[in-house]
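Asker: what would the 3D arrangement of this be:
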Amino acid sequence: QVQLVDSGGGLVQAGGSLRLSCAASRHTFSSYVMGWFRQAPGKKRDLIAAISWSGANTNYADSVKGRFTISRDNAKNTLYLQMNSLKPEDTAIYYCAAGLVYPLNHDQITSWGQGTQVTVSS
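Answerer: As a prediction, the model looks like this:
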């Protein structure tokens, strides 16, 4: 299984931007569908963005569509999430995830990152 390490979270004011990264341990990174989930306190972990093996296809949750962009660099074994126009309701722990099926399904995730905290102040 691929090992994933999330980074890039932090504290930002509403309207600001952050870029999350997820470094994968294996050169077979391009064999995985990748995605970002987030979990706010007291809520379940939800998929917010996913990207296919080559990056040709992406999909987003309605709550982040138009503000967040998922991308990947298979040569660097790295996944990204560019987050713009952040809102306080975006505050959560963000997790990258790897799977074998597109679109991603929570029950079919094979690897998780450790999570990175994003806090958006009003």
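
Asker: middle-most residue in this structure, spatially?
Answerer: Within the chain, one residue has its C-alpha closest to the average C-alpha position: by CA atoms, centre = their mean, that is Trp36, at 2.3 Å.

Asker: what is the helix or strand hosting it packed up against?
Answerer: Using DSSP states H and E, Trp36 sits within strand 33-39. Other elements packing on strand 33-39 under the criterion 3 or more CB pairs under 8 Å, 6 or more residues apart in numbering; DSSP states H and E are strand 18-24, strand 46-51, strand 68-73, strand 78-83, strand 92-99. Yep, even glycine has a C-beta here, placed from its N, CA and C like the rest.

Asker: got those strands as CSV, with distance to Asp6 columns?
Answerer: Below are the helices and strands packed on strand 33-39 laid out as CSV (distance: least, CB to CB, whole Å):
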stretch, distance to Asp6
strand 18-24, 5
strand 46-51, 14
strand 68-73, 13
strand 78-83, 9
strand 92-99, 5
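
Asker: so for Tyr60, which of those strands sits nearest?
Answerer: Among the helices and strands packed on strand 33-39, strand 46-51 comes nearest to Tyr60, with 5.1 Å by CB to CB.

Asker: let's see the closest one as PDB, backbone CA atoms only.
Answerer: Output in PDB follows, covering the C-alpha atoms of strand 46-51 (Å, rounded to 0.1, in the frame of the first residue of the first chain):
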ATOM      1  CA  ASP A  46     -16.700  13.600   3.700                       C
ATOM      2  CA  LEU A  47     -15.100  13.500   0.300                       C
ATOM      3  CA  ILE A  48     -14.600  17.000  -1.100                       C
ATOM      4  CA  ALA A  49     -12.500  16.400  -4.200                       C
ATOM      5  CA  ALA A  50     -11.100  13.500  -6.300                       C
ATOM      6  CA  ILE A  51      -8.900  13.100  -9.300                       C
END
